[in-house]
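Undergrad: The sequence isn't on hand, but the structure is:
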């Protein structure tokens, strides 16, 4: 298994994202475009970036100064826990309120209130576990 958020891992995540109808297809219906960064809490910059155009992941790569729509951070242990057992809506809400999952960029509250985005966001944790 590739290191979490490495270039190889991000490319695998991209492939898994596109293979999951609950992500790519669902987000294409709302013309979702985003640059989503992932990394570890306490680090200055994220590690990896997923570029999503019209719901489909078109790039999975290392962070290299890209303008970000979202920047999700958590500890190494929490990421690994969520990859092994993806959280549901309640688990993500608790992770956010307890600051185990941080949004350095992006509005968690607005996203989670929109069911067209909340469902795919939750599904993305399941897909991460396949990367």
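TA: Nice, I can see it. Keep in mind the model is a prediction, meaning the values are calculated, not measured.

Undergrad: what does the helix or strand of the chain with the lowest mean pLDDT rub up against?
TA: Taking mean pLDDT, DSSP states H and E as the measure, the chain has helix 108-112 as its least confident helix or strand, at a mean of 82. Residues from elsewhere that reach helix 108-112 (Cβ atoms under 8 Å, 6 or more residues apart in numbering): 89, 92, 93, 96, 117, 118, 121. From N, CA and C alone the C-beta is placed, and that goes for glycine too.

Undergrad: For the first one, give its distance to residue 82.
TA: Residue 89 sits 13 Å away from residue 82, going by Cβ to Cβ, to the nearest Å.

Undergrad: related to what we said a few turns ago, only whichever of the contacts of helix 108-112 are buried, select them in ChimeraX.
TA: A single ChimeraX command selects the buried members of these (16 or more other Cβ atoms under 10 Å):
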select :92,117,121
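
Undergrad: so where's the protein shaky on pLDDT?
TA: Counting by pLDDT under 70, the chain contains low-confidence ranges at 1-2.

Undergrad: how about the strands of it, start to end?
TA: 34-40, 48-53, 56-62, 70-74, 102-105 (DSSP state E).

Undergrad: So for residue 5, which of those strands sits nearest?
TA: Evaluated over those, closeness to residue 5 peaks at strand 48-53, with 3.7 Å, by Cβ to Cβ.
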